[in-house]
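> structure of the sequence below:
(chains A, B, C and D)
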Number of protein chains: 2
Amino acid sequence: MPTTTRRERERADLTQLILDGARRVFERDGHDGLSIRKVAREIEYSPGTIYLYYKDKDALVLALHEDAFTRKAQLFAPLMQVEDPQERLIAMGRSYIKHALANPSDFHLMFVDGCPMQALRDAGQEWHTSNGAFQMLRATIAEGVDTGGFRQNINPDSMAVILWSMVHGCSMLILSERLGMLSDESRQRAIDDMFAQMRVLLAANN
Amino acid sequence: MPTTTRRERERADLTQLILDGARRVFERDGHDGLSIRKVAREIEYSPGTIYLYYKDKDALVLALHEDAFTRKAQLFAPLMQVEDPQERLIAMGRSYIKHALANPSDFHLMFVDGCPMQALRDAGQEWHTSNGAFQMLRATIAEGVDTGGFRQNINPDSMAVILWSMVHGCSMLILSERLGMLSDESRQRAIDDMFAQMRVLLAANN
DNA sequence: GTGAAATAATGAACACCGTTCATTAGCTTT
DNA sequence: AAAGCTAATGAACGGTGTTCATTATTTCAC
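Numbers count the residues shown, from 1 in each chain, chains lettered A, B, ... in the order given. Next comes the predicted model:
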């Protein structure tokens, strides 16, 4: 049955075509500027067609959300090869902020927009997309504690939340222009100081 | 001319009536559920009337944004009476997270929504609303450094960004349900541990 | 008090939005 | 070639932000 496989391929192609079109519109016009009709115009299909491939707009945004996580995961993966747990955590943190500042629309899709979580709940699914990254973070902290390089009273879950909060909050505050009272230099210095303080929190020797 | 003052009072009254109606709609239906027409129905005026008091929807959301900051500032003010700078910072941090979790729509208005910053820029205004709180934070850190209770190599600007990032990122991650992989107990412990780590970063004695 | 001027409120109109669905067009299979 | 199935369409519905000519109300001068 070569026909059905071709059918499936065509179906997958259009699903991807819609997703790519949606991403272009999102990056061009932002969250509020994204509309089903614009995506349809972008890929030269009628609005109704999109609903044959995505249940509704939330499902499409959820797909964008997962797509953005996939891209970020590809940036994160090589960092696991950093030997020293502390340096690995710092590298992860720097990568997190750097990617957020360089790709604000990805950050928005991944963390700011609320509808993907609602769409996931409606679909009865778990948020597996980011648990992987959190477990990487947690495991690296646990490794540092186990091998003795980190302070021994560290709780990996808590420290994972703390480090994530730091880089996430920092990215968020910068992207939402809430640190406008500081100069560019002060902001950059604050980021550098933040990673210096991370070492204070982690390292065993004081 | 008592007439013009009454006019001004009536004008201020309706401005406030619209704002209160908008807040009720926002808290009931959320950010995406807020519409000029709903606000108009809420206060039993026609949609066009709202445009006599607010330039557009963004201006109305900006007013909600500033209103939310005013409420939070009232919670923050008494904390300045805490004597010890370190305890004051911890109290500010706990208040920040507590208020965010208890008033998610206020948090959304203050920090998640992007349009207020755009509206401010359009109006050619500065974001004075929150600079006050940042300066309070910064001043408290500087005080701790000056009086010798804090580590001497702390840069107040950087540390202010770091502490703000921690509590802001933590609030954000919880509210956007990104910490769903943890139990309620683990999340609460992480918050407590976060404040313990703040003491590590601040205190002079190790 | 009454007419004129100024002000405030209205709601219809426009262009857009998400979503649905009867209809059409194209391809597959017999 | 005809029948059946599938994919794409675009009109339609109710919603949105925003504008503006029209109406209603209040104020002011006489």
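> surely residue A:29 meets residue A:37?
No - counting by Cβ atoms under 8 Å, residue A:29 sits too far from residue A:37 to count as a contact (12.0 Å). Every residue, glycine included, has its C-beta placed from N, CA and C.
> burial of the closest residue to DNA strand D within chain A, as a residue count?
When you check chain A against DNA strand D by Cβ to the nearest atom of the strand, the closest residue turns out to be residue A:48, at 2.0 Å. Using other Cβ atoms under 10 Å in any protein chain shown, residue A:48 has 9 neighbouring residues.
> check which helix or strand covers it.
According to DSSP states H and E, residue A:48 maps onto helix A:47-50.
> contacts for that helix?
Around helix A:47-50, the neighbours that count as contacts under Cβ atoms under 8 Å, 6 or more residues apart in numbering or on different chains are A:14, A:18, A:36-37, A:39-40, A:60.
> check stretch A:156-164 too.
A:89, A:93, A:134, A:137-139, A:141-142, A:145, A:198, A:201-202, B:166, B:169-170, B:173, B:179, B:182, B:186-187, B:189-190, B:193-194, B:197.
> equivalent analysis for stretch A:18-28, please.
Contacts with stretch A:18-28, where a contact means Cβ under 8 Å, 6+ apart, come from A:33-35, A:38-39, A:42-43, A:45, A:50, A:53-54, A:60, A:63-64, A:67, A:105, A:109.
> repeat that with 6 Å
A:34, A:38-39, A:42-43, A:50, A:53, A:60, A:63-64, A:105 (Cβ atoms under 6 Å, 6 or more residues apart in numbering or on different chains).
> just how off-centre is it within its chain?
From the chain centre to the centre of stretch A:18-28 is a distance of 17 Å (Cα atoms, centre = their mean, to the nearest Å).
> stretch A:150-169 too?
Using Cα atoms, centre = their mean, the distance from the centre of stretch A:150-169 to the centre of the chain it belongs to is 18 Å.
> only alpha carbons, please: show it as PDB.
This file holds the C-alpha atoms of stretch A:150-169, laid out as PDB (Å, rounded to 0.1, in the frame of the first residue of the first chain):
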ATOM      1  CA  PHE A 150      29.600  20.600  46.400                       C
ATOM      2  CA  ARG A 151      28.400  21.500  49.900                       C
ATOM      3  CA  GLN A 152      27.000  18.400  51.500                       C
ATOM      4  CA  ASN A 153      23.800  19.900  52.900                       C
ATOM      5  CA  ILE A 154      22.400  20.700  49.400                       C
ATOM      6  CA  ASN A 155      19.000  19.300  48.500                       C
ATOM      7  CA  PRO A 156      19.100  18.700  44.800                       C
ATOM      8  CA  ASP A 157      15.500  19.400  44.200                       C
ATOM      9  CA  SER A 158      15.600  22.700  46.100                       C
ATOM     10  CA  MET A 159      18.900  23.800  44.500                       C
ATOM     11  CA  ALA A 160      17.500  23.000  41.100                       C
ATOM     12  CA  VAL A 161      14.600  25.200  41.700                       C
ATOM     13  CA  ILE A 162      16.800  28.000  43.100                       C
ATOM     14  CA  LEU A 163      19.300  27.900  40.100                       C
ATOM     15  CA  TRP A 164      16.500  27.700  37.600                       C
ATOM     16  CA  SER A 165      14.600  30.600  39.300                       C
ATOM     17  CA  MET A 166      17.700  32.700  39.100                       C
ATOM     18  CA  VAL A 167      18.400  32.400  35.400                       C
ATOM     19  CA  HIS A 168      14.700  32.300  34.500                       C
ATOM     20  CA  GLY A 169      13.900  35.300  36.600                       C
END
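> in it, what counts as buried?
Going by neighbour count (16 or more other Cβ atoms under 10 Å in any protein chain shown), the buried part of stretch A:150-169 is A:150-151, A:154-169.
> also stretch A:129-145?
Of the residues in stretch A:129-145, A:129-130, A:133-134, A:136-138, A:140-145 count as buried by neighbour count, 16+ other Cβ under 10 Å.
> closest to DNA strand C among these?
Distance from DNA strand C was checked for each of the buried residues of stretch A:129-145 by Cβ to the nearest atom of the strand. The minimum falls on residue A:129, at 21.2 Å.
> isn't that closest one right next to residue A:65, touching?
No - with contact defined as Cβ atoms under 6 Å, residue A:129 does not reach residue A:65; the gap is 7.4 Å.
> buried residues in the lengthiest helix in chain A?
Using DSSP state H to assign secondary structure, the helix with the most residues in chain A is helix A:2-33. Residues of helix A:2-33 classed as buried: A:14, A:17-19, A:21-23, A:25-26 (neighbour count, 16+ other Cβ under 10 Å).
> now, which of these lie close to DNA strand C?
The subset of these lying close to DNA strand C, counting by Cβ under 7 Å from any atom of the strand, is empty.
> closest one of the residues you listed to residue B:116?
Of all those, the one with the least separation from residue B:116 (Cβ to Cβ) is residue A:26, at 20.9 Å.
> list the contacts of residue A:167.
For residue A:167, the residues meeting the contact criterion (Cβ under 6 Å, 6+ apart) are A:93, A:96-97.
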